[in-house]
Structure formats: structure tokens, C-alpha cells
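Visitor: Give me coordinates for this.
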Amino acid sequence: MQRLLMYIGIGLFALWTLAIFVNASIYQETTLQPILFGPMSDAILFMAVMVTAFLLLANVFRKSEKTANSSLLIIGLISIVGIFIV
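Guide: Modelled structure (predicted):
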């Protein structure tokens, strides 16, 4: 199961990166928001952070469901509050 979760995370990252490169012209023309490095680099960096969070939470869930559920609750609340602040 652990190996399957790792393959899912890596597969999502690889497909996301491929989609970024296939649609590079769209990203270059439509990005008006503040960016750190560039629209494509930021998208790949964001997905790398999300895959890392996915794999960490999958590992925590394997050890303790209660801790994983609490972590997801806290991350969700921070995300909701962050939407209204930004």
C-alpha cells in the first residue's frame, strides 16, 4: 500500500509537470498574479510541495489515523482562513 501511494504521488507530479510544459504558451500569456520565479517554475514548485504533503500525510495515516485526521482538519482550517486573508 505504501508503494502504491508513492507511485500515485509521483505519477501525479509527473503528469502535472507534463501538462505545464504542454500548455507553456498559455501560462506565459495569462499569468498576471505575483510570481516567485516564473509561472511554470511556480506551478511545478507548488505541485512538488503538494506531493510532499500527500506522501507525508499518507505515512502519518499509516501510523495513526487520528493524527492524520487532526492534521487534515488543521490544514483545512488554515486554508479556509487563508482564503479570506489573502
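
Visitor: residues making contact with stretch 17-26?
Guide: 27, 40, 43-44, 47 (C-beta atoms under 8 Å, 6 or more residues apart in numbering). Yep, even glycine has a C-beta here, placed from its N, CA and C like the rest.

Visitor: before we move on, what about stretch 45-55?
Guide: Contacts of stretch 45-55 (C-beta under 8 Å, 6+ apart): 5-6, 8-10, 12-13, 16-17, 36-37, 75.

Visitor: Go through it and flag the buried ones.
Guide: Neighbour counts over stretch 45-55 (16 or more other C-beta atoms under 10 Å) mark 47, 51, 54-55 as buried.

Visitor: Would you convert the residues you listed into TSV that also reports secondary structure?
Guide: Below are the buried residues of stretch 45-55 laid out as TSV (DSSP: H, G, I helix; E, B strand; the rest coil):
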residue	secondary structure
47	helix
51	helix
54	helix
55	helix
